[in-house]
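[1] Model the following, please.
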Amino acid sequence: MSILVAPDSFKGTFTAAEVAGHIAAGIRAAGGSPRELPVADGGEGTFDVLVRGLDARPVRISTVGPWGEAVEAAIGLAADGTAVVELAFASGLNLPSGGDRNPLTASTYGTGILIAEAAGHGARRIVVAAGGSATTDGGAGAIAAIEERGGLRGAELVILSDVTTRFSDAARVFGPQKGAGPAAVELLTRRLELLAAEFVRDYGRDPRLVDRTGAAGGFSGGMWARYGAGLVSGADYVLDLLGFDAELATSTAVVVGEGRLDSQTGQGKIIAAILGRAGAKPVYAVVGSVDPDLGDDADSFAGIIVAGDPAAMQAAGAELVGAATPTPASTAARAYT
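    Numbering: from 1, shown residues only. So this is what the prediction gives:
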C-alpha cells in the first residue's frame with residue numbers, strides 16, 4: 001500500500017519535513033509504503049519546501065528587519081534560474097525588535113534587499129512566499145530597496161500567498177494581528193489608498209481592483225503594480241512544483257497535517273487545495289489540535305488523528321496503515337453513503 005504523506009509544518013514546532021518523516025516512519029513500521037512530500041502554502045515553511053523541491057542552494061544575505069535591525073537571511077538559488085525568497089525572514093512578525101514594535105513603521109525594505117540580491121545573483125524568476133509579515137506598507141519599502149540596488153534586471157517576480165484580500169482591505173483584515181489598534185488601522189488604510197493612487201499615476205495599475213493584492217500588508221499589490229508580479233495561490237504553486245497530482249495518481253491514500261485544524265483550514269490553505277485534488281482518494285489528517293469550530297468540515301476527511309509529538313505522529317502513521325487498507329465492507333460503505 002502506497003500512502004502519500006503531504007503535511008504542512010506545525011507552526012513554531014515542527015517543519016513539514018519533520019512531520020512527514022515521523023508519520024512515514026510509523027507507516028513503514030506497520031508494513032506500509034510511504035512517500036514523503038512536505039508541502040506549504042506561502043506561509044511559514046514555504047522556503048524550506050521550495051528549496052527542497054527545486055534542489056536550490058541556500059545563500060546567506062545581510063539585510064534588515066521590519067524596524068531596521070540587522071538580520072541575516074537566506075535566499076535559495078536553483079540551477080534553473082529560480083530564486084526563492086521568504087518575506088518573513090526579513091519582514092516577519094516573529095523577528096526580534098530592539099525597540100517598539102510599531103505597526104505604523106514596520107517596513108518591507110529588508111525583503112526588497114533579498115529580492116534585489118536574488119536578481120543580482122542572476123535569477124530569472126524570483127518566487128516570494130508572502131506569509132507571516134509584520135508590515136502594512138504596501139510594498140513601498142521593498143520597492144525602494146529594489147530600485148536602489150539595480151531593480152529586477154529582467155527577472156520575473158511571482159508572489160505566493162494563501163489569501164485573496166485586496167489592497168485597500170489589507171490593514172483592516174490583517175492589521176489587528178500585527179498590533180494595530182482601530183486608529184492605526186484607519187491610518188494604515190489611508191496610506192494604502194494614497195499609495196494605490198500613486199501606483200495608478202506612475203505605472204497605470206490599480207491594486208485596489210485585483211484579488212491577492214492585500215497579502216503581506218499590501219506587499220503583493222505593490223509588487224504587482226510596480227513590476228507586474230504574478231499573484232498566485234501558494235498552495236497550488238507548491239503542489240504543481242512538487243508534482244503532487246502525479247504522486248497522488250499512484251497512491252492509495254493521502255495524509256495531510258498542520259498544527260491546528262480549524263474553520264480557516266478550508267480558506268486558501270494547503271489542506272483545502274489537497275482535498276480539492278484528491279477526488280475519491282481518502283484523505284487523513286494528522287494534526288496538533290482540532291478546534292471545536294471545525295464543524296462539518298470534519299466530514300471532508302476519512303479520519304482525523306491528533307498527534308502533537310514525534311512518538312504520537314509515528315503511532316498515527318502506523319494506525320493509518322490499517323485505516324487506509326480497503327476491505328469489502330468499507331468499500332461498500334464508501335460507495336453507498
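
[2] Show me the domain layout of this protein.
    According to automatic domain parsing, the chain is divided into the following domains: 2-37+245-336, 46-235.

[3] Pipe those domains into JSON lines and attach mean neighbour count and mean pLDDT per row.
    Quick note: C-beta positions are derived from backbone N, CA and C, even for glycine. Below are these laid out as JSON lines (neighbours: other C-beta atoms under 10 Å; pLDDT from 0 to 100):
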{"stretch": "domain 2-37+245-336", "mean neighbour count": "18", "mean pLDDT": "87"}
{"stretch": "domain 46-235", "mean neighbour count": "21", "mean pLDDT": "97"}
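
[4] give the contact list for Met313.
    Met313 sits next to Val19, His22, Ile23, Gly26, Val286, Ala307 when contact means C-beta atoms under 8 Å, 6 or more residues apart in numbering.

[5] just curious, which of those residues is nearest to Tyr237?
    Nearest to Tyr237 among these: Val19, at 20.3 Å, using C-beta to C-beta.

[6] residues contacting the closest one?
    Going by C-beta under 8 Å, 6+ apart, Val19 touches Pro7, Asp8, Ser9, Phe10, Pro38, Gly257, Val286, Met313.

[7] wait, the first one sits on Ile23?
    Yes - with contacts defined as C-beta atoms under 8 Å, Pro7 counts as touching Ile23 at a distance of 6.8 Å.

[8] Common neighbours of the two, please.
    Common neighbours of Pro7 and Ile23 (C-beta under 8 Å, 6+ apart) are Val255, Gly257, Val286.

[9] So which residues of the stretch 101-250 of the chain form helices?
    Secondary structure of the stretch 101-250 of the chain by DSSP state H, counting those that start in this stretch: the helices cover 109-120, 140-148, 170-174, 182-203, 215-227, 234-241, 244-249.

[10] Val290: which of the ones you listed is closest?
    Minimum separation from Val290 across the helices of the stretch 101-250 of the chain (C-beta to C-beta) falls at helix 234-241, 20.3 Å.

[11] Can you spell out which helices and strands pack onto the closest one?
    helix 46-54, strand 156-161, helix 270-278 (3 or more C-beta pairs under 8 Å, 6 or more residues apart in numbering; DSSP states H and E).

[12] So which residues of the stretch 1-150 of the chain form strands?
    In the stretch 1-150 of the chain, the strands defined using DSSP state E, counting those that start in this stretch lie at 2-5, 33-36, 57-64, 70-77, 82-86, 125-129.

[13] want to try a markdown table for those, with distance to Gly150 as columns?
    Shown next, in a markdown table, are these (distance: least, C-beta to C-beta, whole Å):
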| stretch | distance to Gly150 |
| --- | --- |
| strand 2-5 | 42 |
| strand 33-36 | 39 |
| strand 57-64 | 15 |
| strand 70-77 | 16 |
| strand 82-86 | 15 |
| strand 125-129 | 13 |
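
[14] Please identify which of the ones you listed is closest to Asp245.
    Comparing the strands of the stretch 1-150 of the chain by C-beta to C-beta, strand 2-5 comes nearest, at 10.8 Å.

[15] Indicate which one of the helices of the stretch 101-250 of the chain is closest to Thr164.
    Taking C-beta to C-beta, helix 215-227 is the member of the helices of the stretch 101-250 of the chain nearest to Thr164, at 8.7 Å.

[16] okay, the angle between that closest one and helix 140-148?
    40 degrees (axes from the mean of the first three to the mean of the last three C-alpha atoms, to 10 degrees).
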